[in-house]
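In: only geometry, no sequence info:
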Ligand SMILES: Nc1ncnc2c1ncn2[C@@H]1O[C@H](COP(=O)(O)OP(=O)(O)OP(=O)(O)O)[C@@H](O)[C@H]1O
Ligand SMILES: O=C(O)C1=C[C@@H](O)[C@@H](O)[C@H](O)C1
Ligand SMILES: [Mg+2]
């Protein structure tokens, strides 16, 4: 698998959640749902949780309250997860959650953070299928994707323990690869092991 370790795990006790970060369209929600199925852990998709809490869609939050208000809701959500000592949960995040520098230590405190990266071409293709991403509703989305990737890639790097290029990988390959790396990350003596998942055990034997 095309992956690399982006930073060392902290030596302090880790919260045993799996978090997915990365640009719009790189598959955070899709892989989050798959990890939830395979591992049986609850799933929190930050975009969906914020929409539920606000009682309106992300395009409406951006249009009516502004992007800054949405960013505050993202930070509040991470703070609540830490305060509630959330454990054994899959957390898919919104693509811009790393733009608030305060969120980076919060993400890492919550658990094992995987950066799903993609080529600009794949991002363009996947995000052009629907119009629910307000930032990309502009005249030249491809140019904006390049600009935002240049700004955000160092932040995804800083926020994550592992980077995986998801452009050419199937959903089950990504899921099983992430689980294998999470098992390794959580192999500290004070961490209970992740549950076994027969789908990935069978796949890894092939
Ligand atoms: N590995 C993959 N192979 C092929 N298609 C994929 C893969 N991962 C995701 N997709 C497709 O790409 C589209 C975007 O995926 P998804 O909504 O999971 O992205 P996201 O990272 O959650 O984006 P956002 O940041 O906007 O929430 C979906 O149509 C999904 O089915
Ligand atoms: O990349 C971004 O800034 C965003 C990504 C989506 O997941 C949503 O969180 C929202 O559309 C903003
Ligand atoms: Mg998503």
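Out: In hand now; what should we look at? Fair warning: this is a prediction, and the values are worked out from it, not measured in the lab. Ligands and ions are numbered 1, 2, ... in the order given.

In: and residue 15, how many residues sit next to it?
Out: The tally of other residues near residue 15 (other C-beta atoms under 10 Å) stands at 18. For the C-beta atoms, the positions are set from N, CA and C on the backbone; glycine is no exception.

In: I'd like the next helix or strand past the lengthiest strand in the chain.
Out: Assignment by DSSP state E gives strand 111-117 as the longest strand of the chain. Downstream of strand 111-117, the first helix or strand assigned by DSSP states H and E is helix 120-127.

In: now do the buried residues in the longest helix along the chain.
Out: Among the segments of the chain that qualify as a helix by DSSP state H, the longest is helix 141-159. Neighbour counts using 16 or more other C-beta atoms under 10 Å place 141, 145, 148, 149, 152, 153, 155, 156, 158, 159 of helix 141-159 among the buried residues.

In: pretty sure the third one contacts residue 23?
Out: Yes: assessed by C-beta atoms under 8 Å, residue 148 is found in contact with residue 23 at 7.1 Å.

In: element containing whichever residue of the chain sits closest to ligand 3?
Out: Here the chain gets closest to ligand 3 at one residue, residue 29, 3.2 Å apart by C-beta to the ion. If you go by DSSP H and E, residue 29 is part of helix 28-39.

In: what packs against that helix?
Out: With contacts taken as 3 or more C-beta pairs under 8 Å, 6 or more residues apart in numbering; DSSP states H and E, helix 28-39 sits against strand 17-21, strand 43-45, strand 90-92, helix 171-185.

In: redo the ones you listed as CSV? Include mean neighbour count, distance to residue 36 and mean pLDDT.
Out: CSV is the format used below for those (neighbours: other C-beta atoms under 10 Å; distance: least, C-beta to C-beta, whole Å; pLDDT from 0 to 100):
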stretch, mean neighbour count, distance to residue 36, mean pLDDT
strand 17-21, 27, 10, 97
strand 43-45, 19, 4, 98
strand 90-92, 26, 5, 98
helix 171-185, 19, 10, 93
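
In: dump these to CSV, plus distance to residue 120.
Out: Formatted as CSV, the helices and strands packed on helix 28-39 follow (distance: least, C-beta to C-beta, whole Å):
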stretch, distance to residue 120
strand 17-21, 17
strand 43-45, 24
strand 90-92, 21
helix 171-185, 19
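
In: got the residues of the chain near ligand 2?
Out: Residues of the chain lying close to ligand 2 (C-beta under 6 Å from any ligand atom) are 24, 47, 58, 94, 95, 96, 133, 134, 135.

In: which of those come close to ligand 1?
Out: Answer for the residues of the chain next to ligand 2 near ligand 1 (C-beta under 6 Å from any ligand atom): 24, 47, 94, 95, 133.
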